[in-house]
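Enquirer: how does the following fold in three dimensions:
(one chain, ligands or ions: 1)
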Amino acid sequence: MSTVAALRSAPCIARSSSRSESRAPRRHTVVRAQKVEEAQQAGGVAAGEARVPSAAVNVIDTHPVPRWPEGIPPAMGGHFMPSGAAAPLSQSRGPYNNIHPLMFTYRAPTADVDVTVYDSDFAAAAGLADLVAAASSAAIAAKGAFTIALSGGSLVQALVGLVGRADVDFSKWWVLYVDERNVPLGSADSNHRAAHEQLLRKVPIPSSQVLTLKEGLPVAQAATHYAGQLLELGSGVLPRTPDSGLPQIDLVLLGVGPDGHVASLFPNAKETAATEGWVLPVSNSPKPPAERITLTMPVINAAKQVAIVALGKGKAEVVQRALEVQSLPGALPVQLVQPTSGKLSWVLDQESASVLHIDDWAQGSKKFPRSENPPKPAAA
Ligand SMILES: O=C1O[C@H](COP(=O)(O)O)[C@@H](O)[C@H](O)[C@H]1O
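Expert: Okay, the predicted model is just below:
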C-alpha cells in the first residue's frame, strides 16, 4: 500500500466506549492522523507526490484546461484502473458536455479530520458537549465571547448534553443559526424553535445574544437582514479572517441530511457552489419548507472549528458515502466542508458508523471509489 493511499485515508479515528452514565467518554485512538507535510518531512511522501490526485482527500485540480492530462481524479468521480492509474479522460461528446466543470471545486484540506464513534447517541451527546465546552472555554479565554452556529433537524437533540454544564459560561455565548427556515419563529418548522426547546430555554444565554431570523420578510430580504446581524456583531465577538474578511465563527455544528446536504446547501444547488456572500436565500429547497436562509460554504469553512454530527441508523449510508466514496463535486455537499484553517470533527455513534470500513482505514487501504478496492484476502 502506497503512502499516498494511506494518507488519503487517514483521518484521526477514535472510538469511544463510554458507558452511558459517564459524562467523559473513554476514548481509544485507533489511527493517528498524519498531515501531508509531516509525512513529507518524515520522508514518507516525495514532495511531488502531494499533487492531484494526492495524499489529501477531496482534491481537485483547478488549473485551466487541459486540467487532468492523467485522467479525471477519483475525487471527481474518475476511477482507478486495475493498474492503479487514474482512468483516462473521456473524449466522448455526450449530451452533458455543457456542464460547467468549475462550478464546484474541492480544496486540499489543510487540517486533519477526526472521526469519533461513540457507543450510543447518549454517549455522543456527552462527547459533543465536551467538544462544545472546550471550544467555548478557549474562545472566552481568548476574546471574552463564544460564537456558535447551530443547525436544525436532528442535531438539536444531541445538544441536551450541554444542559446543566456548570463549566460552561453561557452568558458569553452568541448563538447563530447555520440555516433557518423562512417561517415564523414559533412554527414547528423553525430551527430556532427546536433549539430553544431543546437547549436555549434551559441554559442562561441572554436572549439578545441569540440571532434569529426576522419574521415576515421575503426570503431574499431575510437573508440580507441576517447577514446584517452578523456584521453588527463586530470583530470583538466575531473576528474576520485576515485573508478573505469572512466571519470566523468559533464553532459550527452541522447535521447532514441523508442526501448529503448540510445547512440548507443541497446537492447540486447553486447556493452550494456560491463562493461569495455570508448568508444566502434559498427559495426552492427540495426538503420542505421551500424557503430558507443559509450560511454559505465559505463561511462554514472559515470557522475555527466545525463538527458534523450524524447519529442513528438513518445516517449510516450518507456517512459512509461522505467518508469513503468520492462524489462528483456538489453531489454531496458535506464533502465540501473543509475548514480552511480550522479543525473538522465527525461525531458518530455505532449506528451511523455501522457501514464504515474503519479497519481498512487503519491499514491505509482506503481508495476511492470504494468499489475499486481490491478484495481483502480471506482470514487464515
Ligand atoms: O433541513 C435541515 O436538515 C439538515 C439535516 O437534518 P436532519 O434532521 O436530517 O439531521 C439540518 O442540518 C439543517 O439545519 C436543516 O435545516
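Enquirer: quick one: contacts for the closest residue to the ligand within the stretch 251-380 of the chain?
Expert: Nearest residue of the stretch 251-380 of the chain to the ligand (Cβ to the nearest ligand atom) works out as Gly255 at 2.9 Å. C-beta coordinates here come from the backbone N, C-alpha and C atoms, glycine included. Gly255 makes contact with Ser151, Gly152, Gly153, Ser154, Leu155, Val262, Ile308, Val309, Ala310, according to Cβ atoms under 8 Å, 6 or more residues apart in numbering.
Enquirer: tell me how many other residues crowd Thr224.
Expert: Close neighbours of Thr224, defined as other Cβ atoms under 10 Å, add up to 18.
Enquirer: over to Pro206?
Expert: 12.
Enquirer: ok, and the closest non-adjacent residue to it?
Expert: Once flanking residues are discounted, Pro206 sits nearest to Ser171: 6.7 Å by Cβ to Cβ, 6 or more residues apart in numbering.
Enquirer: any chance of TSV for the contacts of Gly255, columns distance to the ligand?
Expert: Formatted as TSV, the contacts of Gly255 follow (distance: Cβ to the nearest ligand atom, whole Å):
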residue	distance to the ligand
Ser151	3
Gly152	4
Gly153	2
Ser154	4
Leu155	6
Val262	6
Ile308	9
Val309	8
Ala310	7
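Enquirer: show me these that map onto helices.
Expert: Among the contacts of Gly255, no member falls in helices (DSSP state H).
Enquirer: quick one: which of those sit in strands?
Expert: Among those, DSSP state E puts Ile308, Val309, Ala310 in strands.
Enquirer: give me the neighbour count for the second one.
Expert: Read that as Val309. Val309, neighbours per other Cβ under 10 Å, totals 29.
Enquirer: close to the ligand: what parts of the stretch 201-350 of the chain are there?
Expert: Within the stretch 201-350 of the chain, the positions near the ligand by Cβ under 6 Å from any ligand atom are Gly255, Gly257, Ala263, Ser264, Lys287.
Enquirer: run through the strands of the stretch 251-380 of the chain in chain order.
Expert: Ranges of strands in the stretch 251-380 of the chain, per DSSP state E, counting those that start in this stretch, are 251-254, 279-282, 292-295, 305-310, 343-349.
Enquirer: quick one, which of the ones you listed is packed in tightest?
Expert: Using mean count of other Cβ atoms under 10 Å, the stretch among the strands of the stretch 251-380 of the chain with the greatest mean number of neighbours is strand 292-295 (a mean of 30).
Enquirer: so what are the sheet partners of that strand and their directions?
Expert: On the basis of DSSP bridges, the sheet neighbours of strand 292-295 come out as strand 179-181 (antiparallel), strand 279-282 (antiparallel).
Enquirer: lowest-confidence stretch among the strands of the stretch 251-380 of the chain?
Expert: The minimum mean pLDDT among those belongs to strand 343-349 (a mean of 93).
Enquirer: helices or strands up against it?
Expert: If you count contacts as 3 or more Cβ pairs under 8 Å, 6 or more residues apart in numbering; DSSP states H and E, strand 343-349 packs onto strand 113-118, helix 121-143, strand 305-310, helix 316-324.
Enquirer: so what touches that strand?
Expert: By Cβ under 8 Å, 6+ apart, strand 343-349 touches 11, 109, 111-121, 123-124, 127-128, 131, 158, 304-312, 315, 319, 323, 337-338.
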